[in-house]
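>>> Please work out how this folds:
(one chain, ligands or ions: 2)
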Amino acid sequence: MVRRSRGQSTRSIYLGLACISLSLHLLLAIFCFSVLQSACVLPTPFSPAFVPRTDPVSHSSSSSAAFSSNKPPANSQNGERYKSNASVHDQKWNGSISEATEEAKKLLGVEKLMKKEKGRSKLEELFQHPLYNLPRPELQEDDWLLRLKTDAEAEDSVGEDEDEENSITNDSEWQSASEEDGYDKVTWTRDKETHPPWLQFQLGISRWELYDRNNPNLAQLTHYLATNRILGAVQKTGGTQLKLLLSFPNYGQALLKPMRQSRDAETDVNLFYFSDFERHNAEIAAFHLDRLLGFNRIPPVVGRLVNITTEIRDITADRKLSRTFFTSPAGNTCFYGQCEYYCSTENPVCGRPHVLEVSLAAMLPDLTLAPRRSWRSPWRRSYSRTKLAQWEKDPAYCDTVKQTPPYNSGTRLVDLVDMAVLDFLMSNMDRHHYETFEKFGNETFLLHLDNGRAFGRHSQDEPSILAPLTQCCRIRRSTLLRLRLLSLPEFRLSDVVRESLDLDPLGAVAPLLSEPHLSALDRRLAAVLRAVQTCQEKHTDVIYDDLKKHGDHWPD
Ligand SMILES: Nc1ncnc2c1ncn2[C@@H]1O[C@H](COP(=O)(O)OP(=O)(O)OP(=O)(O)O)[C@@H](O)[C@H]1O
Ligand SMILES: [Mn+2]
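Ligands and ions are numbered 1, 2, ... in the order given. Here you go, the predicted structure:
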């Protein structure tokens, strides 16, 4: 009797355990199902991991959409996307849990997305910070570099265009060219919406910056540079190294710099700064870094894979360039062009066998429309193997500079310091000149053009690049506060640069900056902050307070 009841109770314990185990499994299954499902519906075009990382060229459209995204992921547009994707997956995953798991495993980058969800996007958070959204002064008419002529002006000026500097006559000038083979028919009107991205970019240049980071045109511009058909390619004159000017069917142009050495090759220690090769990835990374520092003073640059046989050799009308093409012993198409440095058979630019990585920079308006002034940098190096420049010998050099126009008034000196900070972070020793738009006189930003010799070495820093800061002990408050922000773990400079560069089409081929270069950025940022600290210990007027007009709630 006792044995039977004991047998019964053992059976009910087993039954109970089986029930508990079953419900636990069920719970686990429900939990897994919900986690996997949310991992699959999270991707939006704002997330670079959403993009298959095997086809860099075709993925550029979504990646450049991500480019301009400064909005939080939880905006209404994404909310809508979330809903519709969820319902698709509800239908799809009516099958068993194991099927669902398999489906989930197949998805690329799920793990990365889940991490990202947990960690949020540092880049998006950075661009939402008040220091990146300072109220801008209302722009007056003469604060824009270019403007479209009114109908009346356009009619008056037929045949006498020289009268009107800085104005574009709209479509009439382009009509004749559109008859040429390959160009698009011009359908632009005075309405901004009808303008191709390159024209919107040029019309958006103001006295204070090259572009507005929040303008959606920026993404369209980089997308079009990365994907548009190449109609023409000629050598670009000016400067010392090989570069090409590409033309597109919508009349846009781009400045091409080719990959000349492996991305991770550190500059040879025995090469002078003025003998180093230029790097295509440095041009791309410099644009991203400048944007992350809140400067917006480098024309947008994007990476692209080009077929040098079909997209350059076969279409170029530049005889001097086409004569330099050859097939290497390894069967790769190569060319070397004509220029002062490294344009010889011994230093060819080669495809694999035809494909070459390049950087493409959006072109500034033609010099006839928007003339620029080139300024010799007071901290220019000697470009000699033996001589030192004056600033390298005289510790009080800045006292002289401070008294010399245009550095004796306005913001020119702190503009130079901004440029020195950018250059120190990326170790660019080649800033011999800088340019400004003539129209804006001395009250304007400095163009940070030509960054090809940056990011040459990661294992070493070059303190002399910071001379404008260490010798003048002056820095804009907004710059300093942004630098401090970028030194915090939640916005760490290396992390936001990595995330930003991941959005470039070439980021899918290999990281545009290797990890040692990224950590060098953090190390150098700490050095800049230490230099400011040292200045503050000796001087009281280190900070140029450009934030006063925005209220006094900023920390010191
Ligand atoms: N995005 C651009 N749009 C229009 N013009 C540009 C652009 N970038 C550069 N330039 C012009 O082309 C010239 C040459 O470009 P860059 O300085 O990059 O070439 P480089 O061969 O590296 O020159 P250098 O030998 O002087 O270092 C620049 O001085 C500048 O005036
Ligand atoms: Mn250069």
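>>> before we move on, what SS does residue 442 have?
coil (DSSP: H, G, I helix; E, B strand; the rest coil).
>>> For it, the count of nearby residues, please.
With neighbours defined by other C-beta atoms under 10 Å, the count for residue 442 comes to 13. Quick note: C-beta positions are derived from backbone N, CA and C, even for glycine.
>>> so what pLDDT did the residue in the stretch 401-550 of the chain positioned nearest to ligand 2 get?
At 4.3 Å from ligand 2, residue 450 is the closest residue in the stretch 401-550 of the chain, using C-beta to the ion. The model reports residue 450 with a pLDDT of 95.
>>> so it touches residue 239, yeah?
Yes - Residue 450 lies in contact with residue 239 (C-beta atoms under 8 Å); the separation is 7.1 Å.
>>> residue closest to the middle of the chain?
Centroid-nearest residue in the chain: residue 288, 2.9 Å away (criterion: C-alpha atoms, centre = their mean).
>>> measure that residue to residue 145 for me?
According to C-beta to C-beta, to the nearest Å, residue 288 stands 23 Å off from residue 145.
>>> Then residue 331?
To residue 145, residue 331 is 47 Å away according to C-beta to C-beta.
>>> More neighbours: these two, which one.
Neighbour count, other C-beta under 10 Å: between residue 331 and residue 145, residue 145 has more, with 21 against 8.
>>> what's the neighbour count on the nearest residue to the more buried one once chain neighbours are set aside?
Once flanking residues are discounted, residue 145 sits nearest to residue 205: 4.1 Å by C-beta to C-beta, 6 or more residues apart in numbering. For residue 205, the count of nearby residues is 22 (other C-beta under 10 Å).
>>> Equivalent analysis for the one 10 residues further on, please.
Around residue 215 there are 14 other residues, counting by other C-beta under 10 Å.
>>> Correct me if wrong: it contacts residue 206.
No - assessed by C-beta under 8 Å, residue 215 is found out of contact with residue 206, at 11.3 Å.
>>> returning to what we had before: what helix or strand is the residue of the stretch 401-550 of the chain closest to ligand 2 located in?
Under the criterion DSSP states H and E, no helix or strand holds residue 450.
>>> Now do the contacts for it.
Going by C-beta atoms under 8 Å, 6 or more residues apart in numbering, residue 450 touches 239, 430.
>>> contacting residues for the residue nearest to residue 145?
Residues near residue 205 by C-beta under 8 Å, 6+ apart: 144-146, 211, 364-365, 370, 437.
>>> Show me where the chain has its strands.
Secondary structure of the chain (DSSP state E): strands located at 147-148, 167-168, 232-235, 244-247, 253-258, 301-307, 326-327, 333-335, 349-350, 355-362, 372-376, 433-437, 475-476, 543-544.
>>> Spatially, what comes nearest to residue 195 if we skip its sequence neighbours?
residue 188 (5.5 Å).
>>> oh sorry, the question was meant for residue 385
Leaving aside its chain neighbours, residue 385 sits nearest to residue 272 (6.4 Å; criterion: C-beta to C-beta, 6+ apart).
>>> Residue 387 is in contact with that neighbour, correct?
No - between residue 272 and residue 387 there is no contact under C-beta under 8 Å: 11.9 Å.
>>> which one of the two has more residues nearby?
Just comparing residue 272 and residue 387: by other C-beta under 10 Å the higher neighbour count belongs to residue 272, 13 against 9.
>>> Domain-wise, how is the chain divided?
Following automatic domain parsing, one gets these domains for the chain: 2-119, 144-362, 372-550.
>>> quick check, the longest one touching ligand 2?
No - with C-beta under 5 Å from the ion as the criterion, ligand 2 is not reached by domain 144-362; the gap is at least 5.6 Å.
>>> could you give me the average pLDDT of that domain?
Mean predicted confidence for domain 144-362 is 90.
>>> quick one: is it near ligand 1?
Yes - residues of domain 144-362 are located near ligand 1 by C-beta under 6 Å from any ligand atom, namely 238-241, 243, 255, 278, 299, 361.
>>> Grab the two from these that are most spread out in space.
Maximum pairwise distance in those, criterion C-beta to C-beta, is 19.6 Å, between 240 and 299.
>>> check contacts around residue 248.
Applying C-beta under 8 Å, 6+ apart to residue 248 gives the contacts 198, 224, 228-231, 254.
>>> Let me see the backbone angles for it.
The phi/psi pair for residue 248 (degrees, to the nearest 10) reads phi -120, psi 160.
>>> That one and ligand 1: what is the separation?
For residue 248, the distance to ligand 1 (C-beta to the nearest ligand atom, to the nearest Å) stands at 14 Å.
>>> Identify each buried residue in stretch 457-477, please.
Applying a neighbour-count criterion of 16 or more other C-beta atoms under 10 Å, one finds 457-458, 461, 465-477 buried in stretch 457-477.
>>> Start and end of it, how far apart?
One end of stretch 457-477 sits 29 Å from the other (C-alpha to C-alpha, to the nearest Å).
>>> centre of the chain versus it, how much separation?
22 Å (C-alpha atoms, centre = their mean, to the nearest Å).
>>> With stretch 402-415 instead?
28 Å.
>>> Can you report the mean pLDDT over the residues of that stretch?
What stretch 402-415 shows for mean pLDDT is 97.
>>> Show the end-to-end separation of that stretch, please.
Termini of stretch 402-415 sit 13 Å apart (C-alpha to C-alpha).
>>> got a list of contacts for it?
The list of residues contacting stretch 402-415 from outside it, by C-beta under 8 Å, 6+ apart, reads 378, 401, 416, 442-443, 445-446, 468, 472, 474-476, 479, 544, 546.
>>> Let me know whether residue 426 touches residue 289 as I believe.
Yes - the pair residue 426 and residue 289 passes the contact test of C-beta under 8 Å, sitting 6.1 Å apart.
>>> For the two, indicate the residue with more neighbours.
Just comparing residue 426 and residue 289: by other C-beta under 10 Å the higher neighbour count belongs to residue 289, 26 against 23.
>>> Against residue 375, how distant is the more buried one?
Taken as C-beta to C-beta, the span from residue 289 to residue 375 is 22 Å.
>>> same check, this time on residue 230
33 Å.
>>> Which one of those two is surrounded by more residues?
Set residue 230 next to residue 375 and count neighbours by other C-beta under 10 Å: residue 230 wins out with 21 against 16.
>>> hang on, the more buried one packs against residue 312?
Yes - counting by C-beta under 8 Å, residue 230 does reach residue 312; the two are 7.5 Å apart.
>>> Mind listing the shared neighbours of the two?
The contact sets of residue 230 and residue 312 overlap at residue 306 (C-beta under 8 Å, 6+ apart).
>>> residues touching the residue lying closest to residue 539 once chain neighbours are set aside, list them.
Among residues not flanking residue 539 along the chain, residue 473 sits closest, at 4.9 Å (C-beta to C-beta, 6+ apart). Residues in contact with residue 473 (C-beta under 8 Å, 6+ apart) are 398, 535, 538-539, 541-542.
>>> Who wins on neighbours among these?
Highest neighbour count within these: residue 398, with 22 neighbours (other C-beta under 10 Å).
>>> Relative to ligand 1, how far out is that residue?
Using C-beta to the nearest ligand atom, one gets 25 Å for the distance from residue 398 to ligand 1.
>>> How about the contacts made by that residue?
468, 471-473.
>>> Serialize these to JSON lines and add fields for distance to residue 133 and pLDDT.
Below are the contacts of residue 398 laid out as JSON lines (distance: C-beta to C-beta, whole Å; pLDDT from 0 to 100):
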{"residue": "468", "distance to residue 133": "27", "pLDDT": "98"}
{"residue": "471", "distance to residue 133": "32", "pLDDT": "98"}
{"residue": "472", "distance to residue 133": "29", "pLDDT": "98"}
{"residue": "473", "distance to residue 133": "29", "pLDDT": "98"}
